[in-house]
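*Asks:* Provided below for reference: sequence and predicted model.
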Amino acid sequence: MATDHFAGDPRTNLERMRAGDLYIADDPEIARRQQQAVRLAARYQAAYAEDADAARPLLAELLGALGEEAQVRPPLYVDYGSNIRIGARTFVNYNLTALDVADIVIGADCQIGPNVQLLTPTHPLEPGPRRDKLEAARPITIGDNVWLGGGAIVLPGVTIGDNAVIGAGAVVTKDVPANVVAVGNPARPVRSL
């Protein structure tokens, strides 16, 4: 007998997802929005190859907010795009994967290295029917003037404080305070700035 995970909850899976609650990931409306983001990201990448400035309106359409003079080099991989806000003058290098099931906020004047992953989705750990279909998410917040080294991974629910530097290849599992350098797996502050 299948478990009804949402007995008495009239919300759609999309509404549950946006609230940060468990939801069924293979919902048709969620899939439609994901496909729309994939198409728009592909159009942005193709347009960027011809004229980076002319491609900017496609990026602005894809993202929830794009600050003045912010730059994002494709390819860019997102779940929805609309849940991502990038601050003014931030530079994002090639191959950002931003799974924006929950909000991802990147502050102003940040430097994001190549192959960075910002991952908001989570999965339940308890065994049970349809566990593989259930997800939830927690937002990621990156302060102003943060540097994320190439290949860094930021996990769900993490906040990185202003002026922090995250070393290349670091796996950020917990909040990082402002004005520190954090490195390693898991990332740990190693010195103050």
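*Replies:* Perfect, I can see it now.

*Asks:* what is the end-to-end distance of stretch 160-169?
*Replies:* Terminal residues of stretch 160-169 lie 16 Å apart, using Cα to Cα, to the nearest Å.

*Asks:* what pLDDT does the residue sitting nearest the centre point of the chain get?
*Replies:* The chain has Ala98 as the residue nearest its centroid, 3.3 Å off, counting by Cα atoms, centre = their mean. The model reports Ala98 with a pLDDT of 98.

*Asks:* partners of it in the sheet?
*Replies:* Val78, Leu118 (DSSP bridges).

*Asks:* isn't it right next to Tyr77, touching?
*Replies:* Yes: Ala98 lies in contact with Tyr77 (Cβ atoms under 8 Å); the separation is 7.1 Å. For the C-beta atoms, the positions are set from N, CA and C on the backbone; glycine is no exception.

*Asks:* re the thing from before, now do the residue nearest to the centre of the chain against Leu155, distance only.
*Replies:* Using Cβ to Cβ, to the nearest Å, Ala98 is found at 13 Å from Leu155.

*Asks:* how many other residues sit next to the closest residue to Pro74 other than its chain neighbours?
*Replies:* Leaving aside its sequence neighbours, Pro74 sits nearest to Gln45 (Cβ to Cβ, 6 or more residues apart in numbering; 3.8 Å). Neighbours of Gln45 under the rule other Cβ atoms under 10 Å: 16.

*Asks:* what of Ser82?
*Replies:* Other residues close to Ser82 by other Cβ under 10 Å number 18.

*Asks:* got the phi and psi for it?
*Replies:* When read as degrees, to the nearest 10, the backbone of Ser82 gives phi -70, psi -10.

*Asks:* check contacts around it.
*Replies:* Residues in contact with Ser82 (Cβ atoms under 8 Å, 6 or more residues apart in numbering) are Arg33, Ala37, Leu62, Leu63, Gly64, Asp100.

*Asks:* narrow the residues you listed to those in helices?
*Replies:* Among these, the members falling in helices (DSSP state H) are Arg33, Ala37, Leu62.

*Asks:* any of these buried? List them.
*Replies:* Among those, those buried by neighbour count (16 or more other Cβ atoms under 10 Å) are Arg33, Ala37, Leu62.
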